Every structure is written in structure tokens, then in C-alpha cells.
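# The amino acid sequence is not available; the structure is as follows:
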């Protein structure tokens, strides 16, 4: 009973803190670009605003469109829940959410949704194998002692994170150009509470990936863990500001690189280097 | 060249009249059957696309329409017009578009604005008065035009070019976009991500500028032309002024000429740096774009400090300028430009040393020289594709400053980016040279007398040639004003440049052209 309560408390904390990570990344990015930018609490305000708005559903959308925000939210929460459990299961849980989101984007019947779905599936067909291998490598390199395997797995995971959290150079969350969007294109037909739920899910998923990476290189002690998380956020902000988005068909190159890093991590873990 | 001799000996065309009142313009009125051969002859002789083609409604005085087709001979800096008078009852003229592609849009424009039909034209769809809302039979530029009653939707529709085949699908985008940009409708036919065809539909910002111009005094017209395309306000007002100055035979004082040239280059600089930042932003390279936006703001403030307006409005008057650049502000200007030049070098290094950025712009959106020439691309986009036309060549005060147009050959987004970088540096040099030449003197000459005449004002704005053809009536009001922004020529270039590119690269290609919606829609 105690364990369950504990788990639920952690889960609640993760959900509450998830938007903060987004806010922090945006803040650091803006400061790097010599801008004051929005406050770190802005994602909360956005969610609050969206939850209070009217929801508009496209006329020809089916039940898939309505049910998807809940499915995606559930999968993101489940991912965090299983963070200390079966990691491979999480990949499949997240894939389920992605599958529904892609379907829902097609369901609305707009051209952008279709483009978003096809691109998301194209990218994830490379990102998912990479994620699986990385997680396998993480399994093989437990413990707090530093090794080459840690480094390689960490790098591979960082690339997977950029793809999974739709960040540059794979996707651009800040863009206003509907023709270049990947994840955003799938959300274009959503509004109000449904959109809020999807954004919150994306933020939870992002926190999950960040924690997964921090967990491989840092012991689960509050202070170092927090510092590592903050450091990772700053690293991601630096990457996003300093790099241009890859041409869509070059994204696989990057993810294949991540696969290779993960394989090397596995090999070096097995050899004990 | 003696055009009358040339026409007679080489092409067996005898113009009815040749009007050479103006130093750099010749108007050749030809017979109906000679119209197309004469246009083709000039097209070849001048190596020029149809720079401008427009009609005049002269039914009241001479019961005819007049059609003017303008070509530019760059080697002699001379404008040639083929003029055709045809009876008002005919409402038809032979279509040149079948022979010269660059006339197509102009003919569509004439058809929708005057209701005179280019006989045999391959394309008669409307450009600006959209079929959906504008009823048939109302032609705004006719002198006896009355606006249609507000009827709402007409039930008509625009026919897009349909691409058919397995796996092809259509992606309609706009005119309402996700960002704050101008309204344009882009109709893609795509096979997966690669673009098979792109058809543009513009005209959403049509305000009827040419109609509004009619009956205005020159002073009123000057205010209006600064609003035709806001980011080229100075080039537009300068083109309008030079047309009026040619009509009045005014000599613009040397000091005013230099101040105008300085302003024209400042306008070029702030737009170029804006686009360099825009190109970086559209590929997600936000650091470089922030850097560029700081530089743009510096130039806008510089504009404000020398002219009292961030977009250089209100500087030009007929005969000269209203704002002076004294010694102190000239020194300040040169000091600021020096810093900007250093900043630009820094920006260039940031861009060119970023592998991810270079990978995106290099060989993306190629517009080949032959294509550019055939469809009549002019200005910056033309120079990136190897075309040499630049109206500043061999004109004062540019000749004295040793001006040479910057021309690259690859025609991709990188070439258009590089031209901007190089022209920015060139503008700094030019302004330095102009500011050094400022000798004391008058700022403006004053137009005198009453002139009932017409002339062309042509200015190389930052996108390319901005053309104003003005005709004054006996009351010194504007009878006809034809405006051509380079965007009108160049939008077509975009739809060729993106063929074979993937859809997510379209915004980058679009930004590398950065054409004006309002300048095109008028």
C-alpha cells in the first residue's frame, strides 16, 4: 500500500513539474538569443488558458479524434509510471500513443494532418529502433561507476530525446511554418482542453525521456539528480539555438548514428570497457 | 541603335510613328499586323523580357484603346515601347503571350482590368478580381467603370491546374497562414514529399491602386505610392518622382541625387539583412536570425535619425528630397555603417561555418539561368541565376562610385543569400562614397509650367526594377499610372524553383525570393 501511494505521489509530482521543464528550455533558449522571453511558468498559463476554452471538433472527425487526447495522455503517464520498471514496455506504450495521434491527425481530413502523420511515422520508424537499442544499452550499464559505455549510451539517448521530444534538428516547436511542421502539424485541428491535454502529454513524455537520460549517468539522489536535469535542459537549449533543422530526409542519418552509438555502448558494456 | 532603320532593314516593319521626345524612351506605334513581329523583334534585339505591358483607355478622346509593351535595352539603358492603337469597339488584340512567356501575366491583367481580350492567349484566368466574389463584366480600369453591386459570392470558381496520377495528392495552403505573413494561396501537387507542381494564386491584397491613382495630383500620388509595397516605400516613391521629373524636364540637384541614392541603399540594406535573418529562421537557425534582427533594427533607427521615418517615407518630393544629410549626420552614418559591416562579417561566419545551415540552403530551390531568362525573372533573383540586369549600372551617381552589379550563376537559395550578403557590403561602400561626394547645393528643384505628357520612372529597388509609368492630363491630374513591382515578374520564378524540392523546403525557397504580396496585387 505504502509503495503504491509513493508511486502515485511521484507520478503527480512528475505531471505537475513536466511543463516547468519546457518553460526552462524556452527561457534558456531566449536568453541565449539575447531576448528576455517569456517566464518559465508560461507553459502553465498556456495550459490553464486552453483548459478554459471551447473545444471545436472538425465536422467529419470520428471517435478516434475525440478519444486520442486521452489515449496519448494515458500512455505518457504510464511511461513515467514504468520508469523504474520494464523499460522496453514503455517503448511500446509510447508507440501506442503515437499510433493514435497519427490516426487522429488523418481523421480530421486536413492536408497538414496527413503530412504530419506521414512525417511522424517516417521519423519514428528510425527513432523507435534507436530507442530500443539505447534502452538495452542502459540495462547493461547500470551503476554509478563511469565508463565508456555510459558515455556512448548517454549520447545515443540524447539524439533519441531530440527526435522524441520534437526538438531541433529533427522538428521545430517554435516554427510558424505549417509546411515544415511534424508534431505540431498533427495537433493543428485540436483546440481547447483536448489540445491542452495533448500538450501536457508531450511535456510529460519529454520529462520521462530527460529522467531516463539523467538516470543512466547520475545516482538517484535528489541534489545531483536535480543538477543533472538542469544541466541537460541547458544542453538541449544550446543545441536548439545553435543548429539549423535538418532536411527531412537527412533526419534518418542522425538517428542511424544514434543506433550505432547504442550498439557500441552495448559492445563496450559487454566487454566491460 | 537607330530603331527605325533596324526595324526596316532586318524585320521589314515600318512603324507608323516613332516618338523619341524623351532621352531614354522610344515609343513605336505599329500597325495591327506588325504588332507581334515588332514585339518579337524588340524581345530579341534588347535581350529583354516584357518589362511592362499595359493598356490605356482613350475611348473618350480618340475612341481607341492603346496597348504599350515595354522592353529594356540594358546595353544602351534605353526603353522601347511597341504601341498599338485599336478601336474601342474591337475589344481584342493579338496575344503576345503565345510567343513571349513573360507577357502572360500582363495580358491576364489587361483582360481583367480593361475587358479587352488577348486573342489566342493560353490563359485568361483572373489574377486579382477573384471569380468567387467579383461578377463578370466589370472592368475597373475603364474610364466609364461603375463598381458592381455587393452581391456576395458569384458561384464561379478558379480552375487550378490539376495534376493526375497514382500517388499524387494536392496540398492547398493559405491564404490564411499559421504565421503573420502576407496572404497567398499555394496549391501544391505532390508525390509524397517531392513537389511536382506549384501553382500560386495571389491578389488577396488587391486595393485597386492604379484606379485610386487616377485623378490624383502628383503630391497625393506620392503619398499613395509609398504604400504600394511598404518594404520598398522609398524605391516606389523614387520611381514615381523620376517619372514626374521626366515629364516636367526637371534637373534634380546633385545633392538630392546623392541623398536619394543613400536612402535607396539603406532600404536595400535593411531588407537584405531582414531576409538573411528570415532565411536562417525558416530553417530553424534562430541564433543567426536573432543576430540579424538586431542589425535590422539598427538600420531602421538609422533611417529614422536621418529621415525622421523608419521606412524612409516622406523623403522624396517631385524634384528632389525634403530631408538633408548634414556633415554631422553623415559622419554618424558612416560610423554606424562601419560597425554594421563588422557585424555582417560576424554573421557571415556564423552562417557559413554552420554545417547544418549550409546543408539546407546549398543547391536548394535552383532556378536555372535559361528558365529565369525565359519566364522573365528580374532583379535580385535574376542576378542569382546569372542574369546581369541591374538598373543601377551606368546611371548617376552609381557610375562615379564605380558600381558593378553582383551576379552569381548557381540560382539556388545559397546564391540568393550570397547576393544579399555581397550587396549589403556593396551598399556600405556605395553609401560611403556618396556621403563623401555631398557638396553643398539645393535639395530640390521646383516643377514649373503645365505639362500634358507621359514618362517612365525606373528604379532598382532591393528586389529589382520598380517601374512607374505616369501620364498627366491637362489639369495636371494623373490620367493613367501603371505600376510594376519586380514581384509581379518573379512570383512565377518561385513556382519553378520549388519543382522537385520537398514540401518542407518550400518556406526556405519562398523566403530566399521574399516577394511582395501587396506589390504584386496592387
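Good, I have the coordinates. All values reported here derive from a predicted model rather than from experimental measurement.
# can we go C-alpha only for contacts and neighbour counts from here?
OK.
# Next up, the contacts around residue 173.
No chain in the question, so chain A it is. Counting by Cα atoms under 8 Å, 6 or more residues apart in numbering or on different chains, residue A:173 touches A:166, A:167, A:184.
# hm, I was asking about chain B
Here residue B:173 is in contact with B:185, B:186, B:187, B:188 (Cα under 8 Å, 6+ apart).
# re earlier: so which of the contacts of residue A:173 are in helices?
Judged by DSSP state H, helices contain the following of the contacts of residue A:173: residue A:184.
# Can you tell me which of the contacts of residue A:173 is nearest chain B?
residue A:167 (10.2 Å; Cα to the nearest Cα).
# Apart from its chain neighbours, what residue comes closest to that closest one?
Nearest non-adjacent residue to residue A:167, counting by Cα to Cα, 6 or more residues apart in numbering or on different chains: residue A:173, 6.4 Å away.
# what helix or strand is the one you found on?
Counting by DSSP states H and E, no helix or strand carries residue A:173.
# Next one: it relative to residue A:47, how far apart?
16 Å (Cα to Cα, to the nearest Å).
# cool, residue A:39 as well?
Distance from residue A:39 to residue A:47, by Cα to Cα: 14 Å.
# So which of these two has more stuff around it?
residue A:47 (18 against 12; other Cα atoms under 10 Å in any protein chain shown).
# correct me, but that one touches residue A:196?
Yes - Residue A:47 lies in contact with residue A:196 (Cα atoms under 8 Å); the separation is 5.3 Å.
# now, which of the contacts of residue A:173 sits nearest residue B:401?
residue A:167 (48.0 Å; Cα to Cα).
# What helices and strands are in contact with the helix or strand that contains residue B:296?
Remark: residue B:296 resides in helix B:286-307, with elements defined by DSSP H and E. On a contact count with 3 or more Cα pairs under 8 Å, 6 or more residues apart in numbering or on different chains; DSSP states H and E, helix B:286-307 meets helix A:222-242, helix B:254-282, helix B:327-352.
# what pLDDT does the residue nearest to residue A:167 get?
At residue A:173, the model reports a pLDDT of 88.
# and what of residue B:265?
94.
# that older thread, would you indicate which residues of the helix holding residue B:296 are buried?
B:286-293, B:295-296, B:298-303, B:306-307 (16 or more other Cα atoms under 10 Å in any protein chain shown).
# Also stretch B:394-410?
For stretch B:394-410, by 16+ other Cα under 10 Å, it's B:394, B:397, B:398, B:403, B:405, B:406, B:407, B:408, B:409, B:410.
# from memory the third one sits against residue B:392, does it?
Spelled out, it's residue B:398. Yes - using Cα under 8 Å, residue B:398 is in contact with residue B:392, at 6.4 Å.
# Get me the contact residues on the stretch 351-500 of chain B for chain A.
B:354, B:356, B:357, B:359, B:360 (Cα under 8 Å from any Cα of the partner chain).
# Which of the residues you listed are buried? Put it as a ChimeraX command.
Listed next is the ChimeraX selection for buried residues among those, using 16+ other Cα under 10 Å:
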select /B:356,357,359,360
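# okay, the residues of the stretch 351-500 of chain B next to chain A in a markdown table with pLDDT next?
Below are these laid out as a markdown table (pLDDT from 0 to 100):
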| residue | pLDDT |
| --- | --- |
| B:354 | 92 |
| B:356 | 91 |
| B:357 | 93 |
| B:359 | 93 |
| B:360 | 92 |
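# Check what pLDDT residue 69 gets.
Because you didn't say which chain, this covers chain A. So residue A:69 comes in at 96 (pLDDT).
# think we crossed wires, I meant chain B
93.
# Quick check: phi and psi on it?
phi -120, psi 120 (degrees, to the nearest 10).
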